[in-house]
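>>> The following comprises the amino acid sequence and a computationally predicted model.
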Amino acid sequence: MRVALRQTDRWLSEDRLRRLLEVGRTLVAELELESLLRLVLDTARELTGARYVALGILDEAKEELERFLFVGIEEETRRRIGPLPRGRGVLGELIRHPQPLRLADVTKHEHSYGFPPGHPPMTTFLGVPLLIRGEAFGNLYLTDKEGGAEFDGEDQESAVVLAEWAAIAIDNARLYQGVRRRREELERAVRGLEATSAIARAVGYETDLPRVLELIAKRGRAMVEADSLLVLLEEDDAIRVAAAAGRLGTAVVGTELPNGGSVARSVLESGEAERVDPLSRRPGHGLEQVAGEARSAVVVPLGFRGRGRGVLVALDRTGDGPAFDADDEHLLTSFGASAAIAIATAQSVEAQRLRHSIRASEQERRRWARELHDETLQELGALKMMLETSSAVDRPELVAESVARSIDQLDLTIRGLQSLITELRPAALDELGLKPAVEALLERTAATSGLRVESSIDLAYAEGRTGTRLEPELATVVYRLVQEALTNAVKHAEAETLTVEISERDAEVAVSVRDDGTGFGRERLRDGGFGLIGMEERVQLVGGRLEIDSTPGTGTAVRAWLPARHA
């Protein structure tokens, strides 16, 4: 049975029409373009009985063939033929006139160029265009029908219908690939935004340099799907690995890279990213010590305010992923700009903390020097005078009395030194935690000063379970705040009652020390008297805030809020 198609004089057998319908469903279901093109070639060969089938894909200008796919010719023969056709001769006729062309002998066409050496002989020819949305996409070429027969009208109509199916399927596949590509680009952009946002949050909430570097390494690696990512920083004219994430782990951290001619040094100085694939093509790239068996790398600068601080190095894709491309380079470069801000901020805070720490230490030294000079040395001087006086006396009872007074004075000096040592670093702070150390401090203050001390210390969440104490640095700050406030109240405030409150709520430690003493004015706050500068610097070191409220005659209140961090 033969079925008329499209109200023309061309006919297709029922079997061939059924096969074309089956092929059409298969083609439009295929979304991978390369697989689709191969399927078109195989189907054309099957439907028409052609020995050789090729598909030429046009370039953007629609003037010549950009790609040429074929079936029927063995690879060895293909190598002997040489370069693939570009669309000259009879093939070019279909480019110039996109309509079906059927020839009994292709070699006799007026535009035939003949075949290159090694090319198999071909006689019968059938060519049909592939039009997508009315525009030429390429051409389907069929030669040498089996049995030596010519291609007939049914073969031509089958090829035309197949080309129309193929055009629809190719258009769908291209649209799908475009959507998938845009989706992947969007996903990459989202990953980049998430990573950049994470770094931005780190600038706002995290100023510890090692943590910031770790975050950059891990986020950057995930963003470009790298096997490993290294953060290299310049220190003293040397470039060292400051952090690493991925397969290489932390084993390479601290490794110093060679300076001369290395890709890291080149990117650092030029401020321009560099993609190296494969690494073997760039002799002396300088990553030998840290790259391991990596084949490719993307190196981007870490620059901030016109100064290069280091570079990021992404090594290889994870698994069997594709090589790094220009999009990866651009994405990592943008990420590196945000990472550089985070690093510069953390380095600045670290330097500021060091300066504050040194200043606080110097103030502590001056304070203890005054304590030793004003009390201990004077007591020892008085003891020396007693002993010298007694040595000049010839009466045993006076000597015995002087020795007894000297022993009492010595006991007093020993207790003073013990108190001073305890204030320098109370053993209870290290052994038992903050709460027992503060309670012992309050007991000593009450016993020696006569003040009525009231306290409320609620650190159950931080101190009640093993392994959940406050970090040593934070515990020391809280202890010193209370100690300094007590010292001021005892020495300067003429207070009768002292109230100390320490509590931990919502990841914050609140400290309050209030007295009912004489208080002081704003000028004292401005000139930093009573150790106020040291108190403020201690609080700033741990990222907290301090408030001091005092007016003459109304007492003083010292309040601080510190971010809780547990060891």
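Thanks, I have the structure now. Quantities reported herein were computed from a predicted structural model and do not represent experimental measurements.
>>> Going by C-alpha atoms from here, please, whenever you check contacts or count neighbours.
Noted.
>>> per-domain residue ranges of this protein.
According to automatic domain parsing, the chain comprises the domains 2-178, 203-351, 426-567.
>>> For the stretch 1-150 of the chain, just list every one of the strands.
Secondary structure of the stretch 1-150 of the chain (DSSP state E, counting those that start in this stretch): strands at 2-4, 11-13, 50-58, 65-71, 101-103, 125-132, 135-145.
>>> Show the pLDDT at the closest residue to Phe115 other than its chain neighbours.
Excluding the flanking residues, the one nearest Phe115 by CA to CA, 6 or more residues apart in numbering is Pro121, at 7.8 Å. Note on Pro121: pLDDT of 86.
>>> quick one, which of the domains of the chain is packed in tightest?
domain 203-351 (a mean of 19; mean count of other CA atoms under 10 Å).
>>> can you give me the offset of that domain from its chain's centre?
A distance of 10 Å separates the centroid of the chain from that of domain 203-351, by CA atoms, centre = their mean, to the nearest Å.
>>> Quick check: mean pLDDT of it?
81.
>>> residues contacting Ile457?
Lys435, Val500, Glu501, Ile502, Ser503 (CA atoms under 8 Å, 6 or more residues apart in numbering).
>>> how near is Ile81 to Arg88?
15 Å (CA to CA, to the nearest Å).
>>> which helices and strands does the longest helix along the chain pack with?
When the chain is parsed with DSSP state H, its longest helix is helix 153-205. The contact analysis (3 or more CA pairs under 8 Å, 6 or more residues apart in numbering; DSSP states H and E) places helix 153-205 against strand 11-13, helix 14-29, helix 33-48, strand 125-132, helix 209-224, helix 326-371.
>>> Contacts only, for Ile170.
When contacts are counted by CA under 8 Å, 6+ apart, Ile170 touches Val28, Leu33, Leu36, Leu37.
>>> Which of those sits closest to Trp561?
Nearest to Trp561, judged by CA to CA, of the contacts of Ile170 is Leu33 at 62.5 Å.
>>> Next one: that closest one relative to Val558, how far apart?
73 Å.
>>> try Gln347
30 Å.
>>> One more: Glu46?
Glu46 sits at a distance of 92 Å from Val558 (criterion: CA to CA).
>>> Ok, Asp458 next?
Look at Asp458 and Val558: by CA to CA, they are 18 Å apart.
>>> Kindly report the same for Met122.
As judged by CA to CA, Met122 and Val558 stand 99 Å apart.
>>> residues touching the nearest residue to Leu287 once chain neighbours are set aside, list them.
Once flanking residues are discounted, Leu287 sits nearest to Leu257: 7.0 Å by CA to CA, 6+ apart. Residues counted as contacts of Leu257 (CA under 8 Å, 6+ apart) are Ala238, Ile239, Arg240, Val241, Gly286, Leu287, Gln289.
>>> So what sits opposite Leu257 in the bridge?
Ile239 (DSSP bridges).
>>> which of the strands of the stretch 1-150 of the chain has the lowest average pLDDT?
Among the strands of the stretch 1-150 of the chain, strand 2-4 carries the lowest mean pLDDT (a mean of 42).
>>> I'd say Ala485 and Arg559 touch.
No. Counting by CA atoms under 8 Å, Ala485 does not reach Arg559; the two are 10.0 Å apart.
>>> any shared contact partners between the two?
Val513.
>>> could the contacts of Leu257 be laid out in a markdown table, adding distance to Ala61?
Shown next, in a markdown table, are the contacts of Leu257 (distance: CA to CA, whole Å):
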| residue | distance to Ala61 |
| --- | --- |
| Ala238 | 52 |
| Ile239 | 49 |
| Arg240 | 51 |
| Val241 | 49 |
| Gly286 | 44 |
| Leu287 | 44 |
| Gln289 | 49 |
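>>> of the residues you listed, closest to Arg295?
Leu287 (11.0 Å).
>>> Pull the contacting residues for the closest one.
Leu287 makes contacts with Leu257, Ser262, Val263, as judged by CA under 8 Å, 6+ apart.
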